[in-house]
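1. Predicted model follows, preceded by the sequence.
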Amino acid sequence: MACGGVILSNSLSFYQKRIVMSSRVQEKNGGASIPHVLSVAGSDSGAGAGIQADLKTCAARGVYCSTVITAVTAQNTVGVQSVHAVPEDFVAQQLKSVLSDMQVDVVKSGMLPSVGVVKVLLQSLAEFSVRALVVDPVMVSTSGDVLAGPSILSTFREELLPMADIVTPNIKEASALLGGIRLETVADMRTAAELLHALGPRNVLVKGGDLPGSLDAVDIFFNGEHFYELRSSRIKTHNTHGTGCTLASCIAAELAKGSPMLTAVRVAKRYVETALEYSKDILIGNGIQGPFDHLLRLKSGSHSFHRKDAFNPSDLFLYAVTDSGMNKKWGRSMVDAVAEAIQGGATIVQLREKDVETRDFLETAKSCLAVCRSHGVPLLINDRIDVALASDADGVHVGQSDMPATVARTLLGPEKIIGVSCKTVEQAQQAWIGGADYIGCGGVYSTNTKANNPTIGLDGLKTVCSASKLPVVAIGGINASNAGTVMGMGVPNLKGVAVVSALFDRENVLAETKKLHALLMEASSSSKMQ
Ligand SMILES: Cc1ncc(COP(=O)(O)OP(=O)(O)O)c(N)n1
Ligand SMILES: Cc1nc(C(=O)O)sc1CCOP(=O)(O)O
Ligand SMILES: [Mg+2]
């Protein structure tokens, strides 16, 4: 077998070859890998559910999705007209093609139309290890059509569920898996979650969207120790086809990015809720149950739809980064300095404290947070995720030698803002993969505020901005004499400037902030007119 011009020895096993090949490919590509979900599911010709929903969900979540098709269905918004099961040995071939070549993080299973297909999947998972298995035990479509018959139930119970990191049945599926027990209340759902957990999956999510008489959509998550009642508002729409597949593939995508299970479930629930709300009035097909629009995020341009108060990239416009040494020099407290900066037009504040006791840092963060909250301005903490968590600040800013963005995201959860310092296109790509919300790019000019900080100049800034998938704020030596040049370039994704000394190493913070704000307004409006 030839790979990149190299003949791999036939004495290597299939799996060994895969390791050799993947390390060669990584070397060739500089080693950046992207989180990867493999969806093992049926095709939906109407593209609201199944493989098509999984592909769109993973795309919307910034995760690569490969596919193994188990059945081809002829369906639309009216119902399922016909099902053609893919032969088991061909399902096995697809699994081998993907798993022997690609580094899959998480497998998500949907429609598994026969006992043979379940067994083929389990054999592949025994041969090729992945980090997690998400099982959506698809049995009946939202239109009521049967997609996997009762004969499969014992294989699900005895062989598939024990391998699952999470299983996500709706009420009908949970009932079927438990021998037809009645599930009519949230208390019944808890019982079902516990009984299903006893079958072996590490986590269970019983989805209560079909629970009669409930105002909210209530799901029960059980991890073997604790129950969590996850509520979201019930969105009035007919466009709910594919919600189960979407939820499960979003959980898989978040797990692939490194989120813990409960965070992945919460993010997925929020994603489905937001997509339903966004698509509630769209019209596709003539049936009673239409699909929704998975790619809302790409259209709305918001990377962080899941945050309660979504991060707004325009908040980066005038980014004030504090320095207690400078404030001391000019005889004012940190809280007064922050209040003046906000009054002058700062749109986001970062507390950057390099030499204070943790206890004092926390107290300052809490006091500044009160000021920021009263003005609706986000407050981020530099470097210290513990201080951000303890003070309930809006997020953190981390550098290349601080906590990686993906770990920060895991610790902070989906709703906090994460910024990452980047000097190169590769770092910007990694920040995006890691789940950051924005990048800080610099030093644009030399500065006395940060020691040993290489400059990248306006050209370096342009290069990173043009390649970035995230909004960018420029930093380093920016002041009233050059801010207009930086913002006036009209570079894609550049949303503002971050400054320390131009605001805080000055006698009058309020006046300096106002001046800078006015300059930025002028520069960005003239760059828009060009
Ligand atoms: C908005 C913004 N951009 C860059 C930085 C620098 O962060 P880092 O590289 O971690 O350096 P320190 O600030 O920790 O010295 C920043 N703080 N803010
Ligand atoms: C904190 C910081 N980070 C930088 C980077 O290049 O990532 S430059 C910098 C200091 C910016 O201070 P001033 O506005 O006083 O130049
Ligand atoms: Mg840092």
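-> Arrived safely, thanks for sending. In this text, all values refer to a predicted model and were calculated from it rather than measured experimentally. Ligands and ions are numbered 1, 2, ... in the order given.

2. Any residues of the stretch 251-400 of the chain in contact with ligand 2? List them.
-> Remark: the part of the stretch 251-400 of the chain in contact with ligand 2 comprises V321, using Cβ under 6 Å from any ligand atom. All C-beta atoms are positioned from the backbone trio N, CA, C, and that covers glycine.

3. Run through the strands of the stretch 251-400 of the chain in chain order.
-> Counting by DSSP state E, counting those that start in this stretch, the stretch 251-400 of the chain has these strands, from start to end: 318-321, 348-351, 379-382, 395-398.

4. Next: the stretch 1-150 of the chain.
-> For the stretch 1-150 of the chain, the strands defined by DSSP E, counting those that start in this stretch cover 2-3, 6-7, 36-44, 64-75, 80-85, 106-109, 132-135.

5. now these in JSON lines, with mean pLDDT and mean neighbour count?
-> What follows is the strands of the stretch 1-150 of the chain, written out as JSON lines (pLDDT from 0 to 100; neighbours: other Cβ atoms under 10 Å):
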{"stretch": "strand 2-3", "mean pLDDT": "28", "mean neighbour count": "10"}
{"stretch": "strand 6-7", "mean pLDDT": "28", "mean neighbour count": "9"}
{"stretch": "strand 36-44", "mean pLDDT": "97", "mean neighbour count": "27"}
{"stretch": "strand 64-75", "mean pLDDT": "97", "mean neighbour count": "22"}
{"stretch": "strand 80-85", "mean pLDDT": "93", "mean neighbour count": "15"}
{"stretch": "strand 106-109", "mean pLDDT": "98", "mean neighbour count": "28"}
{"stretch": "strand 132-135", "mean pLDDT": "98", "mean neighbour count": "25"}
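
6. Present the ones you listed as TSV; the columns should include distance to T485.
-> Converted to TSV, these look like this (distance: least, Cβ to Cβ, whole Å):
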stretch	distance to T485
strand 2-3	48
strand 6-7	49
strand 36-44	42
strand 64-75	39
strand 80-85	61
strand 106-109	46
strand 132-135	48
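
7. Of those, which is nearest ligand 2?
-> Judged by Cβ to the nearest ligand atom, the one of these that comes nearest to ligand 2 is strand 64-75, at 29.7 Å.

8. tell me the angle of that closest one relative to strand 80-85?
-> Calculated by axes from the mean of the first three to the mean of the last three Cα atoms, to 10 degrees, strand 64-75 forms an angle of 120 degrees with strand 80-85.

9. Let me know the angle separating strand 64-75 from strand 36-44.
-> Between strand 64-75 and strand 36-44, the angle formed by their directions is 10 degrees, by the same axes, to 10 degrees.

10. ok, the helix with the most length in the chain near ligand 2 or not?
-> Among the elements of type helix in the chain, defined by DSSP state H, the one spanning the most residues is helix 509-529. No: residues of helix 509-529 contacting ligand 2 under Cβ under 6 Å from any ligand atom: none, with a closest distance of 10.6 Å.

11. re the thing from before, among the strands of the stretch 1-150 of the chain, which is nearest A474?
-> Each of these was scored for nearness to A474 using Cβ to Cβ, and the closest is strand 64-75 (30.5 Å).

12. Note down every partner strand of the closest one and its orientation.
-> Looking at strand 64-75 with DSSP bridges, its paired strands and their directions are strand 36-44 (parallel), strand 80-85 (antiparallel).

13. Alpha carbons only: can I get that strand in CSV?
-> Presented in CSV, the C-alpha positions along strand 64-75 are these (Å, rounded to 0.1, in the frame of the first residue of the first chain):
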residue,chain,number,x,y,z
TYR,A,64,-15.3,16.9,11.5
CYS,A,65,-17.9,14.2,10.8
SER,A,66,-17.3,11.0,8.9
THR,A,67,-20.3,8.7,8.1
VAL,A,68,-21.2,5.1,7.9
ILE,A,69,-24.6,4.6,6.4
THR,A,70,-26.6,1.7,7.8
ALA,A,71,-29.8,2.2,5.8
VAL,A,72,-31.2,4.5,3.1
THR,A,73,-34.6,5.8,3.8
ALA,A,74,-37.1,7.4,1.4
GLN,A,75,-38.7,10.0,3.6
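
14. Kindly reformat the strands of the stretch 1-150 of the chain as CSV containing distance to ligand 3.
-> Formatted as CSV, the strands of the stretch 1-150 of the chain follow (distance: least, Cβ to the ion, whole Å):
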stretch, distance to ligand 3
strand 2-3, 40
strand 6-7, 41
strand 36-44, 29
strand 64-75, 30
strand 80-85, 54
strand 106-109, 31
strand 132-135, 31
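
15. Now these in CSV, please, with extra columns for distance to ligand 2.
-> As requested, the strands of the stretch 1-150 of the chain are exported to CSV (distance: least, Cβ to the nearest ligand atom, whole Å):
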stretch, distance to ligand 2
strand 2-3, 40
strand 6-7, 40
strand 36-44, 31
strand 64-75, 30
strand 80-85, 55
strand 106-109, 34
strand 132-135, 35
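
16. For G484, find the nearest of those strands.
-> Shortest separation from G484 across those is recorded for strand 64-75, at 40.8 Å, computed as Cβ to Cβ.

17. Next, count neighbours for whatever residue of the stretch 301-450 of the chain ends up closest to ligand 3.
-> The shortest separation between the stretch 301-450 of the chain and ligand 3 is 3.4 Å, found at G399 (distances taken as Cβ to the ion). For G399, the count of nearby residues is 15 (other Cβ atoms under 10 Å).

18. next one: P291
-> Applying other Cβ under 10 Å, we find 25 residues neighbouring P291.

19. For it, give me its contacts.
-> When the contact criterion is Cβ atoms under 8 Å, 6 or more residues apart in numbering, the partners of P291 are G46, A47, G48, A49, A53, T77, N239, H241, G242, S279, I284, G285.

20. circling back: counting by contacts, list what the longest helix of the chain packs against.
-> Helices and strands touching helix 509-529, as assessed by 3 or more Cβ pairs under 8 Å, 6 or more residues apart in numbering; DSSP states H and E, comprise strand 318-321, helix 334-344, helix 483-488, strand 494-499, helix 501-504.
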